[in-house]
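Asker: what follows is a predicted protein model with its sequence.
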Amino acid sequence: MKQEFAIDLKDVADAGALQDALAANLPLPPDYGRNLDAFYDVLTEYGSDWRIVFRNAGKVAAPLRAVCRDAVAETPGLEIVFEKKRRTISRKRP
């Protein structure tokens, strides 16, 4: 059975804040290195039954996506989704 994690990165503007968000929302090991290389290692070692949904990735999206894409390619069962911002469209009245 997959463990599901939803991580909202709306207020994350730099690498340190990203690592804080990951540590707050995922069961990372005590010796976690707090960088994207260490995150890749965790994903490939522990993530085979994980589904992670990142919301509002913004400024940290590109490097995080690259690491996640590589980890998913190496880890059967790991699923990572980046949700796009939801936009509300309303029609202006004349």
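Answerer: In hand now; what should we look at? Numbering: from 1, shown residues only.

Asker: give me the most central residue, the chain.
Answerer: residue 54 (4.4 Å; CA atoms, centre = their mean).

Asker: contacts for the helix or strand hosting that one next, please.
Answerer: For residue 54, the host element (DSSP states H and E) is strand 50-55. Contact with strand 50-55 is made by 2-10, 26, 43, 64, 68, 77-83, as judged by CB atoms under 8 Å, 6 or more residues apart in numbering. (Glycine included, C-beta is placed from N, CA and C.)

Asker: what about the strands in this structure?
Answerer: Along the chain, counting by DSSP state E, strands occupy 3-8, 50-55, 79-83.

Asker: can you list phi and psi of the residue lying closest to residue 17 once chain neighbours are set aside for me?
Answerer: Sequence neighbours aside, residue 11 is the residue nearest to residue 17 in space, at 7.2 Å (criterion: CB to CB, 6 or more residues apart in numbering). With angles defined as degrees, to the nearest 10, residue 11 sits at phi -100, psi 10.

Asker: count the neighbours of residue 11 for me.
Answerer: Neighbour count for residue 11, taken as other CB atoms under 10 Å: 9.

Asker: same check, this time on residue 30
Answerer: 4.

Asker: what's the answer for residue 15, then?
Answerer: So residue 15, with other CB under 10 Å, has 15 neighbours.

Asker: low pLDDT regions in the protein?
Answerer: By pLDDT under 70, the weakly predicted segments of the chain are 85-94.

Asker: would you turn the strands of the chain into TSV with distance to residue 36?
Answerer: TSV is the format used below for the strands of the chain (distance: least, CB to CB, whole Å):
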stretch	distance to residue 36
strand 3-8	14
strand 50-55	13
strand 79-83	13
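
Asker: contacting residues around the closest residue to residue 59 other than its chain neighbours?
Answerer: Nearest residue to residue 59, sequence neighbours excluded (CB to CB, 6+ apart): residue 13, at 5.5 Å. For residue 13, the contacting residues are 58-60, by CB under 8 Å, 6+ apart.

Asker: and the contacts of strand 50-55, which are buried?
Answerer: For the contacts of strand 50-55, a burial check counting by 16 or more other CB atoms under 10 Å picks out 5, 7, 9, 26, 43, 64, 68, 78-80, 82.

Asker: I am finished for the moment; much appreciated.
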